[in-house]
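Peer 1: Sequence isn't available, so here's the structure alone:
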């Protein structure tokens, strides 16, 4: 098995789904269930980190006063989701 930090998002999600399936099936011994749960938490964190990395890379092109400019995705939003003041 590859080191979990080397997994891409899709591979990490597939491994996480397999673990969830095993745990939901219910016939896993307690010690193994704990190990699976811990591995699942690590995979969940890895997926979350990869999504955050992608989100930081995404830029929106916005039009302001007839000009187009790049703006970070999710940047400049206020706590209500509206555009904040820069």
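Peer 2: Perfect, thanks for sending it. All values reported here derive from a predicted model rather than from experimental measurement. Residues are numbered from 1 along each chain as shown.

Peer 1: Identify the residue nearest the geometric centre of the protein.
Peer 2: Central residue of the chain (C-alpha atoms, centre = their mean): residue 48, 2.6 Å from the mean position.

Peer 1: Return the distance of it relative to residue 61.
Peer 2: Distance, residue 48 to residue 61, using C-beta to C-beta, to the nearest Å: 26 Å. Just so you know, the C-beta spots here come from the backbone N, C-alpha and C atoms, and that holds for glycine as well.

Peer 1: what do you get for residue 54?
Peer 2: To residue 61, residue 54 is 17 Å away according to C-beta to C-beta.

Peer 1: quick one, which of those two is more surrounded?
Peer 2: Remark: of residue 54 and residue 61, residue 54 carries more neighbours, 11 against 8, as counted by other C-beta atoms under 10 Å.

Peer 1: helices or strands next to the strand or helix carrying the more buried one in the packing?
Peer 2: For residue 54, the host element (DSSP states H and E) is helix 30-57. Helices and strands touching helix 30-57, by 3 or more C-beta pairs under 8 Å, 6 or more residues apart in numbering; DSSP states H and E, are helix 9-25.
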